[in-house]
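> from the sequence below, what's the structure:
(chains A and B)
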Amino acid sequence: MNYQFNWSVLWSGQSGVWLLQGLITTVEISALAWVLAAALGILSGALRTVPWKLARALATFYVEFFRNVPLLVWMFFWYFGVPPLLPRAVQDWIFNHSAEFWAGMFALGVYHGARMSEIIRAGILSIPRTQFEAAMAMGLTTFQAYRLVIVPIALRLIVPPATNDSLNLLKNSSVALTISVAELTFQTRQIETYTAKAIEALTAGTVIYLVLCVGIAAIMARVERRFAIPGLIARGG
Amino acid sequence: MKRMLSVVVAVALALSLASSVGAQPDTLAKIKDTGVLTIGTRTGSPPFAYINKNNEWVGFSIDLVEMLVKPEVQKAVGKPIKVEKKESTPPTRIPLLSSNAVDLIAGTMTDTPQRREAVDFSLTFFYTGAQFLVKKGSPIKSVNDLAGKRVAAQQGSTNAKILREKYPQAQLREFPDQPAAFQALLQGQVDTYTNDGIQLYGLKAKAPKPDEWDVVGDFYSEEPYGMALRKGDAKFKAAVDAGLKTGFESGKYFEIYETWFGPKGELPYPLTPQVKAYLLKQIGK
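The predicted model follows:
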């Protein structure tokens, strides 16, 4: 194959600005979606283990419904499906104010919330039942036991799988390009179409995703060590 | 150690030899060896190249290759050849060509200066330009009415590029494919959808209620479609151009045009005098 590499396409012209814009959009949409996913995940994950039947049923419905439909479909749902339900004037307003960004954020957050929920539930289920009983015996209400004992411990236990899913969330944000969110993958492809240099553009995108993900993983590893409760978890070393 | 060195030298020599062979593509020799001209074309771009209701892969671009280019290539290699078709899409077509998977791209590819750095183009075989698809009665009549309007375009298209650079007052929304962009227009996420005029006519014709839509505006970009071939292959380019030239001169090209774009064709799109003059100017008429 007589492909001629030309790496300068990545810093000549507007490529650099585009990559930076794409990076910012990716980080913004992922960060907001992550906050939403974490909130939904903690709430529904905890609710799935409480002794109230209705709350459990609602949380189970949320998880099964949202994690079993492809993310791409959720993107289209929030962008094409939801706005027509709103009054015309509201529609026009949101279409003029980055509707695609918010639709993408919701799709990503709600989808990953369902996955996060399962991780949190696993964390809670791994806590011995006696912890809960001890909390009750101390005179805490169920809500207090969850807020002060169960959830804080569970969150410490689930850092590794939660990191994994957070990285997935970041990478899945690229699906938002289907509803015209100009995130990192979108900009990578744009450079490709402007310069006809596919390998260079994709390499730039890959390296940026890699650096982002490795960075997040490193931060999460620190978080894990910082908040570990001595003596709680058996460690290899 | 010495032996290893000689192996390294031999490998390096072989590689440099291979790359120097690769640097001078000779498609005609390849076609002569195999008896096959492989074209990369589209499967869903009626009437240029698409799979029709009878499950046949047909279209205007394919007919041009079969009826005009093929005879000329046969003359050049001195034996009958077959035309084989492979699917190519905008992101894959240049890689397919440079990796020798196909010999000629004949679909809906616009001839642009940037692309000319990677591939060579034949004579222009179709000419269109960017216009706007709007709901009937829309205030958008041309590229000058876009201030504050939400405009859909296809990701990576030349139209999107022009709008971004020259009409930043429009709110550009870029979708990966035509169905998504059209859906956004149907629902009001965007006020208009811009693409090559011919594509918009095709979309309008297939819409649930064609009468509700208008294609408006003068061409604000030039979209000359050409057939792409590997860079620096002068002999092959000469054969392809000769085929198209013969078609323009004999009128055969215009017959093929009528079949696809005439009043009874797949998609009526009359050949305007300006476009006809543009096409003929290429052969000095």
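
> now the element after the longest strand belonging to chain B, going C-ward?
Criterion DSSP state E: the longest strand present in chain B is strand B:119-128. For strand B:119-128, the following helix or strand on the C-terminal side (DSSP states H and E) is strand B:130-135.

> hey, C-alpha coordinates of the longest strand of chain B in PDB?
Output of strand B:119-128 as PDB, limited to C-alpha atoms (Å, rounded to 0.1, in the frame of the first residue of the first chain):
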ATOM      1  CA  VAL B 119      -6.400  10.800  -6.200                       C
ATOM      2  CA  ASP B 120      -6.800  11.800  -9.900                       C
ATOM      3  CA  PHE B 121     -10.100  12.600 -11.400                       C
ATOM      4  CA  SER B 122     -11.600  11.900 -14.900                       C
ATOM      5  CA  LEU B 123     -13.500  14.500 -16.800                       C
ATOM      6  CA  THR B 124     -16.600  15.800 -15.000                       C
ATOM      7  CA  PHE B 125     -19.600  13.600 -15.800                       C
ATOM      8  CA  PHE B 126     -22.200  15.300 -13.800                       C
ATOM      9  CA  TYR B 127     -22.600  18.800 -12.400                       C
ATOM     10  CA  THR B 128     -24.700  19.900  -9.500                       C
END
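
> packing partners for it?
helix B:60-64, helix B:90-98, helix B:197-206, strand B:223-230, helix B:234-250, helix B:273-281 (3 or more CB pairs under 8 Å, 6 or more residues apart in numbering or on different chains; DSSP states H and E). C-beta here means a position set from N, CA and C on the backbone, and glycine is covered the same way.

> now with 7 Å, please.
strand B:223-230, helix B:234-250, helix B:273-281 (3 or more CB pairs under 7 Å, 6 or more residues apart in numbering or on different chains; DSSP states H and E).

> out of everything not next to it in sequence, what's closest to residue 145?
As the question left the chain open, I've gone with chain A. Leaving aside its chain neighbours, A:Ala145 sits nearest to A:Ala135 (3.9 Å; criterion: CB to CB, 6 or more residues apart in numbering or on different chains).

> meant chain B actually
Spatial nearest neighbour of B:Asp145, excluding adjacent residues (CB to CB, 6+ apart): B:Pro139 at 6.1 Å.

> tell me the pLDDT at residue 44?
Assuming you mean chain A. For A:Ser44, the pLDDT comes out at 95.

> that's the other chain; I wanted chain B
pLDDT for B:Gly44: 83.

> beta-bridge partners for it, please?
Beta-bridge pairing of B:Gly44 under DSSP bridges involves B:Tyr50.

> can you list the residues of the stretch 101-250 of chain B near chain A?
Contact residues (CB under 7 Å from any CB of the partner chain) of the stretch 101-250 of chain B with chain A: B:114-115, B:117-118, B:150, B:155-156, B:173-176, B:180, B:183, B:187-189.

> chain B contacts on chain A?
Counting by CB under 7 Å from any CB, chain A sits next to chain B at A:1-3, A:80, A:84, A:91, A:95-96, A:99-100, A:177-178, A:180, A:186, A:189-190, A:193-196, A:198.

> now the buried members of these.
A:2, A:80, A:91, A:95, A:99-100, A:177-178, A:180, A:186, A:189-190, A:193-196, A:198 (16 or more other CB atoms under 10 Å in any protein chain shown).

> could I get the full set of strands for chain A?
Under DSSP E, chain A gives no strands.

> low-scoring stretches of it, by residue?
A:1-2, A:233-237 (pLDDT under 70).

> in it, which spans are helices?
Remark: helices assigned in chain A by DSSP state H are A:15-47, A:53-67, A:71-76, A:88-96, A:99-125, A:129-137, A:142-145, A:151-157, A:159-172, A:184-195, A:198-227.

> out of those helices, which comes closest to B:Pro224?
Minimum separation from B:Pro224 across the helices of chain A (CB to CB) falls at helix A:184-195, 17.6 Å.

> closest residue of chain A to chain B?
Residue of chain A nearest chain B, by CB to the nearest CB: A:Thr193 (3.5 Å).

> in chain B, what helix or strand scores lowest on average pLDDT?
helix B:2-23 (a mean of 52; mean pLDDT, DSSP states H and E).

> can you list the buried residues in the helix or strand following that helix?
Next helix or strand after helix B:2-23 toward the C-terminus (DSSP H and E): helix B:27-34. Residues of helix B:27-34 classed as buried: B:Thr27, B:Leu28, B:Lys30, B:Ile31 (neighbour count, 16+ other CB under 10 Å).

> buried residues, whatever helix or strand comes next after helix B:27-34. List them.
For helix B:27-34, the following helix or strand on the C-terminal side (DSSP H and E) is strand B:36-41. Buried residues in strand B:36-41, counted by 16+ other CB under 10 Å: B:Leu37, B:Thr38, B:Ile39, B:Gly40, B:Thr41.

> which residues of the stretch 1-150 of chain B score low on pLDDT?
For the stretch 1-150 of chain B, the ranges with pLDDT under 70 are B:1-23.

> neighbours of the nearest residue to A:Thr185 once chain neighbours are set aside, how many?
In space, and not counting its chain neighbours, A:Thr185 is closest to A:Ser174: 3.9 Å by CB to CB, 6+ apart. Residues contacting A:Ser174 under the criterion other CB atoms under 10 Å in any protein chain shown number 20.

> and A:Ser174, how far is that from A:Ala182?
11 Å (CB to CB, to the nearest Å).

> hang on, the earlier thing: okay, the helices of chain A in CSV with distance to B:Pro273 next?
Listed next are these as CSV, based on distance: least, CB to CB, whole Å:
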stretch, distance to B:Pro273
helix A:15-47, 41
helix A:53-67, 58
helix A:71-76, 44
helix A:88-96, 40
helix A:99-125, 42
helix A:129-137, 84
helix A:142-145, 80
helix A:151-157, 73
helix A:159-172, 52
helix A:184-195, 33
helix A:198-227, 40
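
> one step back: filter the residues of the stretch 101-250 of chain B next to chain A down to the ones in helices?
Mapping these onto helices (DSSP H) picks out B:Gln114, B:Arg115, B:Ala180, B:Gln183, B:Gln187.

> wait, the second one sits on A:Ala196?
Yes. Using CB atoms under 7 Å as the test, B:Arg115 is close enough to A:Ala196 to be in contact (6.2 Å).

> quick check: the residue of the stretch 51-200 of chain B nearest chain A.
Closest point on the stretch 51-200 of chain B to chain A, by CB to the nearest CB, is B:Gly156, at 3.5 Å.
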